[in-house]
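> coords below, sequence missing:
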Ligand code: G6P
Ligand code: ZN
């Protein structure tokens, strides 16, 4: 028997990046099966197709992979290429889909959310271009979950995913591959590995915190084995089902061990961290934190120093809440700069159409058209290659960048797990008052514009409305507010603060101090503390 009857389960709506729920929800009867079958149905079935499968090693990932393999076989798939141990980082999965010409792939991860029996799990479908499914597809998947009546799954023993090689599930080939090899080889084609080996040979020191997540094996292979960084350069390098209790999100709050090391005495020359599934990155120098928006701008300004980008960039793109630092670089380079909604999926069309080669988001995501996902280790290698080519450290490169382009002071304040009704009422109320804000002076700042961001994809014309509130102040400062699309508990309000200082004066302030007038004005306009009863944000990045 391969066909099982089922009934729709509510709430299976993919968010910013796939379907994410608490692990026990995913482990509930038919929950995973319904979503996977709905995905297969929504993409026109998988009969005769080749899929890629893998995830970040979190709790329930290996079991979920077995379920998906048996469902793919019962649905007639020809081949599934799966990372050994059901492991694949998100960028490595994107690369495998592209390199092997697969029809798509399933990634088992809840990214930077904690993992474990009571934490988060997730499933995301990626297309043949290696990128996350666009909204039309995720909406079709959601629609299908609401009418599903049966799913197909083979009755078979589990497949051995520990040994590399091919086996069969009924007529379907299961090909277990080394999760690291093809990705590490791709990195060798983009970066000057010889120069990087030289850098480490001369004694350059680095700390890479893999946060007990999937980047560990990739980072050890690339930095320690191929580039000769000292053994032990990569810490927390073994992926664990619960990430060793860590919250695998590379930001100053959650990567606090790395922060303490880089901000302390005897810090290494360079520090970096990645998230659960390996697509995010945080960049640090001794005593110096690089904001993701600045990192994107610095990478854009220096990409020509890196072999894979020596011919120049086609264009760049950033999500709307990301600072405009990269816009200034694009202007100087004479290339286009696109502003998209939050979510990597919006970059796919621009990259496929050859309009951009570099993309980034304030949420610690940076990447290029070498794959169709953001890529944590790629960003680390970009910085290392730039450091090697310029012979300067992180702080010098940043200071030089600000002196040339001015500085976009930037910070994000998150209010987590708010009651959903309180958060939506607050933003609904702001929407109603938006047009009346124009011209008002608040805490000494004059409001020069206020709207809700709508994006029209320049490639396929699709429209995405309600992508965040923007309040612009005279002089180029702004605040953006939106609700997170990746949280699994209540609503998370994100407040993005930005202020531009052209220099040469005032380039070395503390960002929170530099942004204080905007923080005060935002409270006056939106009333976050007053309406939520919170004293302040839970996370500041
Ligand atoms: C994921 C997506 C990113 C997005 C980020 C923040 O990492 O891949 O593209 O920027 O989530 O999303 P959120 O909706 O939580 O602000
Ligand atoms: Zn991630």
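Perfect, I can see it now. A quick note: this is a predicted structure, and the numbers were derived from the prediction, not measured. Ligands and ions are numbered 1, 2, ... in the order given.
> what is the neighbour count of the closest residue to residue 48 other than its chain neighbours?
Nearest non-adjacent residue to residue 48, counting by Cβ to Cβ, 6 or more residues apart in numbering: residue 78, 5.1 Å away. Just so you know, the C-beta spots here come from the backbone N, C-alpha and C atoms, and that holds for glycine as well. Residue 78 has 16 neighbouring residues, counting by other Cβ atoms under 10 Å.
> can you tell if stretch 330-348 touches ligand 2?
No. Contact of stretch 330-348 with ligand 2 (Cβ under 5 Å from the ion) is absent, the minimum separation being 9.2 Å.
> end to end, how far does that stretch reach?
Stretch 330-348 has an end-to-end distance of 19 Å (criterion: Cα to Cα, to the nearest Å).
> next, the buried residues of that stretch.
330, 333, 335, 337-338, 340-348 (16 or more other Cβ atoms under 10 Å).
> near ligand 1 at all, that stretch?
Yes. Against ligand 1, stretch 330-348 shows contacts by Cβ under 6 Å from any ligand atom at 342, 343, 344.
> tell me if I'm right that the second one and residue 484 touch.
So the one you mean is residue 343. No. Assessed by Cβ atoms under 8 Å, residue 343 is found out of contact with residue 484, at 11.0 Å.
> which residues do those two both contact?
Residues touching both residue 343 and residue 484 (Cβ atoms under 8 Å, 6 or more residues apart in numbering): residue 16.
> could you chop the chain up by domain?
Domain segmentation of the chain under automatic domain parsing yields 3-178, 183-405, 407-540.
> any chance of these in TSV, plus mean pLDDT?
Putting these into TSV (pLDDT from 0 to 100) gives the following:
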stretch	mean pLDDT
domain 3-178	96
domain 183-405	97
domain 407-540	92
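> so residue 104 versus residue 98, what's the distance?
11 Å (Cβ to Cβ, to the nearest Å).
> next, the contact list for residue 321, please.
Residue 321 makes contact with 342, 361, 362, 412, 468, 480, 482, 494, 496, according to Cβ under 8 Å, 6+ apart.
> for the last one, what are phi and psi?
It refers to residue 496. For residue 496, the backbone dihedrals are phi -110, psi 120 (criterion: degrees, to the nearest 10).
> ok, it touching residue 477?
No. Counting by Cβ under 8 Å, no contact exists between residue 496 and residue 477, whose distance comes to 11.5 Å.
> higher neighbour count, those two?
Ranked by neighbour count (other Cβ under 10 Å), residue 496 and residue 477 place residue 496 first, with 26 against 22.
> return the set of residues that bridge with that one.
Counting by DSSP bridges, residue 496 forms beta bridges with residue 412, residue 480.
> what strand or helix carries residue 260?
Element membership of residue 260 [criterion: DSSP states H and E] is helix 256-263.
> for the buried residues of stretch 330-348, which one is nearest residue 355?
Among the buried residues of stretch 330-348, residue 338 lies closest to residue 355 (Cβ to Cβ), at 7.1 Å.
> picking up where we left off before, residue contacts, the residue nearest to residue 48?
48, 49, 50, 171, 172, 173.
> so which of those residues is the closest to residue 373?
Among the contacts of residue 78, residue 50 lies closest to residue 373 (Cβ to Cβ), at 18.7 Å.
> looks like that closest one contacts residue 105 (just checking).
No. Look at residue 50 against residue 105 with Cβ under 8 Å: they stay out of range, at 9.3 Å.
> what is the burial count for the closest residue to residue 214 other than its chain neighbours?
Distances taken as Cβ to Cβ, 6+ apart place residue 56 nearest to residue 214, at 4.1 Å, with adjacent residues excluded. Per other Cβ under 10 Å, the neighbour tally for residue 56 reads 31.
> and residue 56, backbone torsions?
Dihedral angles (degrees, to the nearest 10) for residue 56: phi -90, psi 10.
> tell me the contacts of it?
Residue 56 makes contacts with 87, 89-90, 108-109, 111, 115, 213-214, 239, 276-278, as judged by Cβ under 8 Å, 6+ apart.
> again, but for residue 226
Contacts of residue 226 (Cβ under 8 Å, 6+ apart): 184, 188, 193.
> now list the buried members of those.
Using 16+ other Cβ under 10 Å, the buried ones in the contacts of residue 226 are 184, 193.
> what is the nearest of the contacts of residue 226 to residue 426?
residue 184 (46.4 Å).
> that closest one: helix or strand, and which one exactly?
Taking DSSP H and E as the definition, residue 184 sits inside helix 181-190.
> ok now that helix, how far from the chain's centre?
Its chain's C-alpha centre and that of helix 181-190 lie 20 Å apart, by Cα atoms, centre = their mean, to the nearest Å.
> before we move on, the earlier item: okay, the residues of stretch 330-348 next to ligand 1 in TSV with secondary structure next?
Converted to TSV, those look like this (DSSP: H, G, I helix; E, B strand; the rest coil):
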residue	secondary structure
342	coil
343	coil
344	helix
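> which one of the residues you listed sits closest to residue 82?
Closest approach to residue 82 among the residues of stretch 330-348 next to ligand 1 (Cβ to Cβ): residue 344, at 22.7 Å.
> against residue 161, how distant is the closest residue to that closest one other than its chain neighbours?
Leaving aside its chain neighbours, residue 344 sits nearest to residue 374 (5.4 Å; criterion: Cβ to Cβ, 6+ apart). As defined by Cβ to Cβ, residue 374 lies at a distance of 26 Å from residue 161.
> do the same with residue 40
Going from residue 40 to residue 161 by Cβ to Cβ gives 20 Å.
> neighbour-wise, which of these two wins?
Neighbour count, other Cβ under 10 Å: between residue 40 and residue 161, residue 40 has more, with 28 against 21.
> I'd assumed residue 68 was in contact with the more buried one.
No. Counting by Cβ under 8 Å, residue 40 stays clear of residue 68, with 9.7 Å between them.
> quick one: the strands in the stretch 301-450 of the chain?
Secondary structure of the stretch 301-450 of the chain (DSSP state E, counting those that start in this stretch): strands at 315-319, 336-340, 358-361, 365-368, 407-418, 441-442, 445-452.
> I'd like to know which elements the first one is packed against.
Based on contacts counted as 3 or more Cβ pairs under 8 Å, 6 or more residues apart in numbering; DSSP states H and E, the elements that strand 315-319 packs against are helix 292-302, helix 325-333, strand 336-340, strand 358-361.
> state the pLDDT value of residue 1.
pLDDT for residue 1: 67.
> enumerate the residues of the stretch 51-200 of the chain near ligand 2.
When proximity is defined as Cβ under 5 Å from the ion, the stretch 51-200 of the chain approaches ligand 2 at residue 111.
> pick out the residue of the stretch 51-200 of the chain closest to ligand 1.
At 5.4 Å from ligand 1, residue 111 is the closest residue in the stretch 51-200 of the chain, using Cβ to the nearest ligand atom.
> that residue: neighbour count?
Neighbour count for residue 111, taken as other Cβ under 10 Å: 27.
> so it versus residue 365, what's the distance?
The spacing between residue 111 and residue 365, counted by Cβ to Cβ, is 10 Å.
> shared neighbours, the two?
279, 280.
> quick one on the thing from earlier: and the contacts of the helix holding residue 184?
Outside helix 181-190, the residues that reach it (Cβ under 8 Å, 6+ apart) are 89, 91-92, 95-96, 99, 193, 218, 221-222, 226, 306-309, 370-371, 377-378, 381.
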